[in-house]
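[1] Predicted model, plus sequence, below.
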Number of protein chains: 2
Amino acid sequence: MPKTQPSRPTTTGEPQAVRADIIAAATKVFSELGYHGASMTDVASELGMRKPSLYHHVRRKEDLLFAIHEQMVDELIAETMVVFSSSKPPSEKLRDIVRGAMDFVGRHQDGVTVFLAEHRALSGERWSEIVLKRDFYERMVQGVINDGTRSGAFVDMPPKIAAKAVLAMANWGYTWFQTGGEMGADEIGDMFAEIALRGLEVRPG
Amino acid sequence: MPKTQPSRPTTTGEPQAVRADIIAAATKVFSELGYHGASMTDVASELGMRKPSLYHHVRRKEDLLFAIHEQMVDELIAETMVVFSSSKPPSEKLRDIVRGAMDFVGRHQDGVTVFLAEHRALSGERWSEIVLKRDFYERMVQGVINDGTRSGAFVDMPPKIAAKAVLAMANWGYTWFQTGGEMGADEIGDMFAEIALRGLEVRPG
DNA sequence: CCTACCGATCGGTAGG
DNA sequence: CCTACCGATCGGTAGG
């Protein structure tokens, strides 16, 4: 009795869904065990397949790590660009940025965990590529803060330090935020934005 | 009948300097390569010895990870207890806490990196032990914020969220602070404390 | 006898 | 998508 041929011996044109599933599985597994603590067998198991089958779709383990990083930073930049390009005043832009950052952490906690804590295994060139984008994001935030300072809305403080302080609140959320916990990411984002704005805004008094 | 006890590799009999050197080496190596990315050979090399010699002093790799965690959290608690137990008002205590936290990051950047990013490899029991101490530290900070809110000095905001926001600034510093950079940890700590206090204090106006 | 340390190798598992 | 493997390296330990 001859067995039926494999239904899908395609080598070109990987279906988008397959790649997305693989990245999603890798994101979950890497965030739980850490990049070096997770094996490709773990990722394959998450997908219901064996390691050699996974290697049919992925060349190297590091490629998955890079794909996760790229996905996260690209999406965060895209969302923040909308805010940055608006005609709102700096204080409202900063509020939207802090809210958006915390919301992003809530929506992509596993991906953010990998992005913020698992970059040491990336090659120098790939890490540089990610750093370039990450710095672009940070410069948008610094720009908003700088605009606020020059318009007299914010206190005079080095925009780099102020941006680090403000983004830290949301970034750090990846270590403790619980989906389905007492408070939602949106509520927490509102409070962080409140603290950040009170901390930076010049108020009459 | 009593026989002479063979000298086992006990922690108590170990010269303090040797153990301190080993923990220092592991801290450096783990922070650079990550716990799983670093081998015991790497740690041994850092000490100028071979791996089996290192194993004469250390039972398991995980013991080193735990020792680093314990050292960091114990020292941070000890330093913060002094501030917490003082008779200063909440706003000044919070300023000292933020300054102290950032200063701690500057003085122990490698150790803080391991403490904040490399805990997944700890066993459940040992991680629970660390979490207990970490939570004790956080409750001190929450207590200061709560005191400030009840005395009318701070705005009314959930102390847990406010503490997360304030501590995030310093914690996040482990990812970007550079010893010998433009600004010292003390200057950055002052600015973070300024943002945190402006963000939480109720000011007339 | 002790310590500190060595070269060699154990059972398993990593990425491929 | 599988079984069957590889060169290397992992954490940990043997005897001397």
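    Alright, I've got the coordinates. Numbering: from 1, shown residues only, chains lettered A, B, ... in the order given.

[2] Any idea how many residues pack against the nearest residue to A:Asp74 once chain neighbours are set aside?
    Of all residues beyond its chain neighbours, the one nearest A:Asp74 is A:Lys133 (7.1 Å), with distances taken as C-beta to C-beta, 6 or more residues apart in numbering or on different chains. (C-beta placed from N, C-alpha, C; glycine too.) For A:Lys133, the neighbour count with other C-beta atoms under 10 Å in any protein chain shown is 16.

[3] got the contact list for A:Lys133?
    Residues near A:Lys133 by C-beta atoms under 8 Å, 6 or more residues apart in numbering or on different chains: A:73-74, A:77.

[4] roughly how far apart are it and DNA strand D?
    Per C-beta to the nearest atom of the strand, to the nearest Å, A:Lys133 is found 30 Å from DNA strand D.

[5] Same check on A:Val141?
    38 Å.

[6] neighbours of that residue, just the number please.
    24.

[7] So it is in contact with A:Ala163, correct?
    Yes - proximity of A:Val141 to A:Ala163 meets the contact threshold set by C-beta atoms under 8 Å, at 4.5 Å.

[8] Show me which residues of the host helix or strand of the residue nearest to A:Asp74 are buried.
    Taking DSSP states H and E as the criterion, A:Lys133 maps to helix A:124-150. Going by neighbour count (16 or more other C-beta atoms under 10 Å in any protein chain shown), the buried part of helix A:124-150 is A:126-127, A:129-130, A:133-134, A:137-138, A:140-142, A:144-149.

[9] touching DNA strand C at all, it?
    No - Helix A:124-150 stays clear of DNA strand C (C-beta under 7 Å from any atom of the strand), getting no nearer than 13.3 Å.

[10] Just say helix, strand or coil for the residue nearest to A:Gly184 when sequence neighbours are not counted.
    Among residues not flanking A:Gly184 along the chain, A:Gly106 sits closest, at 7.1 Å (C-beta to C-beta, 6+ apart). Following DSSP: H, G, I helix; E, B strand; the rest coil, we place A:Gly106 in the helix state.

[11] Point out the residues in chain A that sit beside DNA strand C.
    A:38-41, A:51-52, A:55, A:60-62.

[12] can you list contacts of the helix or strand where A:Asp42 lies?
    Element membership for A:Asp42 (DSSP H and E) is helix A:40-46. Residues from elsewhere that reach helix A:40-46 (C-beta under 8 Å, 6+ apart): A:22, A:25-26, A:28-29, A:33, A:50-51, A:53-55, A:58, A:61, A:64.

[13] Mind picking the two most distant members of those?
    A:Leu33 and A:Ser53 (20.1 Å; C-beta to C-beta).

[14] Any figure for the gap between the residue nearest to A:Gly184 and DNA strand C?
    Counting by C-beta to the nearest atom of the strand, the gap from A:Gly106 to DNA strand C is 29 Å.

[15] now do A:Met191
    39 Å.

[16] What are the phi and psi values at the closest residue to that residue other than its chain neighbours?
    Of all residues not flanking A:Met191 in the chain, B:Ile161 sits nearest, at 5.1 Å (C-beta to C-beta, 6+ apart). Dihedral pair for B:Ile161: phi -70, psi -40, per degrees, to the nearest 10.

[17] go on, A:Thr113?
    phi -60, psi -50.

[18] Skipping its backbone neighbours, what lies nearest it in space?
    Per C-beta to C-beta, 6+ apart, closest to A:Thr113 is A:Ser31, 4.1 Å.

[19] tally of neighbours for that neighbour?
    The burial count for A:Ser31: 23, using other C-beta under 10 Å.

[20] Could you look up the SS state of it?
    helix.

[21] picking that back up, quick one: average confidence on the helix holding A:Lys133?
    Confidence over helix A:124-150 (mean pLDDT, whole number) is 96.

[22] do stretch A:188-202 as well
    98.

[23] More neighbours: which of A:Leu33 and A:Ser53?
    Per other C-beta under 10 Å, whichever of A:Leu33 and A:Ser53 has more neighbours is A:Leu33, with 16 against 11.

[24] PyMOL command to pick out the buried ones of the residues of chain A next to DNA strand C?
    To isolate in PyMOL the members of the residues of chain A next to DNA strand C that are buried, counting by 16+ other C-beta under 10 Å, one can use:
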select buried, chain A and resi 38+40+61
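
[25] which of the residues of chain A next to DNA strand C lies closest to B:Asn171?
    A:Ala38 (24.2 Å).

[26] Now do the same contact list for the closest one.
    Contacts of A:Ala38 (C-beta under 8 Å, 6+ apart): A:29-30, A:32.

[27] Using the three-state scheme, assign it.
    Quick answer, by three-state DSSP: A:Ala38 is coil.

[28] mind checking pLDDT for it?
    88.

[29] what separates the closest residue to A:Trp172 other than its chain neighbours from B:Ile195, distance-wise?
    Leaving out its chain neighbours, the residue that sits closest to A:Trp172 by C-beta to C-beta, 6+ apart is B:Ala168, at 3.5 Å. Distance, B:Ala168 to B:Ile195, using C-beta to C-beta, to the nearest Å: 11 Å.

[30] Please apply the same query to A:Val29.
    For A:Val29, the distance to B:Ile195 - C-beta to C-beta - is 37 Å.

[31] repeat for A:Glu32
    33 Å.

[32] re earlier: output the contacts of A:Ala38 in a markdown table, with pLDDT appended to each entry.
    Output for the contacts of A:Ala38, formatted as a markdown table (pLDDT from 0 to 100):
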| residue | pLDDT |
| --- | --- |
| A:Val29 | 91 |
| A:Phe30 | 92 |
| A:Glu32 | 88 |
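
[33] Alright, that wraps it up for me.
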